[in-house]
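Q: Quick one: sequence plus predicted model below, questions after.
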Amino acid sequence: MKRVLLTGFPGFIGSRIIDRLLRRDADLEVICLVQPKFMEKAAQDTAALSDGARVRVVPGDISKPRFGLTHEAYKTLAGDIEEVWYLAAIYDLTISATIANRVNVGGTLEVLDF
């Protein structure tokens, strides 16, 4: 089974892309890296998908080294992924520059390292 990593779920863009990814390929599993504070919403949104059984939600944070995962969990995740959809970002222009930089720049670097 092909595995795709999706960041930015259950955010605005990620929530609109995930169902399309699932419909695109019947042999696809989507692994969503989700901030722990959004895990409940991600579980609800996954249950509402047409094929939510092919979605795995993993708690993590793109702005942290190895997404905040243990070395072993990160290594396992990296070994499973064939494609990345990087949609996580902070779009709020009123957020502090420090936080925006940590997420939007630091997070991008973490995903590129992945």
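A: That came through fine.

Q: Just the buried positions in the longest helix that the chain contains, please.
A: Taking DSSP state H as the criterion, the chain has its longest helix at helix 12-24. Judged by neighbour count using 16 or more other Cβ atoms under 10 Å, the buried positions of helix 12-24 are G14, S15, I17, I18, D19, L21, L22. Backbone N, C-alpha and C define where each C-beta goes, glycine included.

Q: can you check stretch 77-96 too?
A: Across stretch 77-96, burial judged by 16+ other Cβ under 10 Å covers L77, W85, Y86, L87, A88, A89, I90.

Q: Just the C-alpha atoms of that stretch, please, in CSV.
A: The C-alpha coordinates for stretch 77-96 follow below in CSV (Å, rounded to 0.1, in the frame of the first residue of the first chain):
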residue,chain,number,x,y,z
LEU,A,77,7.3,7.0,9.7
ALA,A,78,10.1,8.0,7.3
GLY,A,79,10.4,4.5,6.1
ASP,A,80,6.8,4.2,5.3
ILE,A,81,6.2,7.4,3.3
GLU,A,82,6.4,7.7,-0.5
GLU,A,83,4.9,11.2,-1.0
VAL,A,84,4.5,14.3,1.2
TRP,A,85,1.8,16.9,1.0
TYR,A,86,3.0,19.7,3.1
LEU,A,87,0.1,22.0,3.9
ALA,A,88,0.8,23.0,7.5
ALA,A,89,1.4,26.7,8.1
ILE,A,90,0.2,29.7,10.1
TYR,A,91,-1.7,32.0,7.8
ASP,A,92,-2.8,34.5,10.5
LEU,A,93,-1.0,37.8,9.9
THR,A,94,-1.6,39.0,13.4
ILE,A,95,0.5,36.2,14.9
SER,A,96,3.9,37.1,16.3
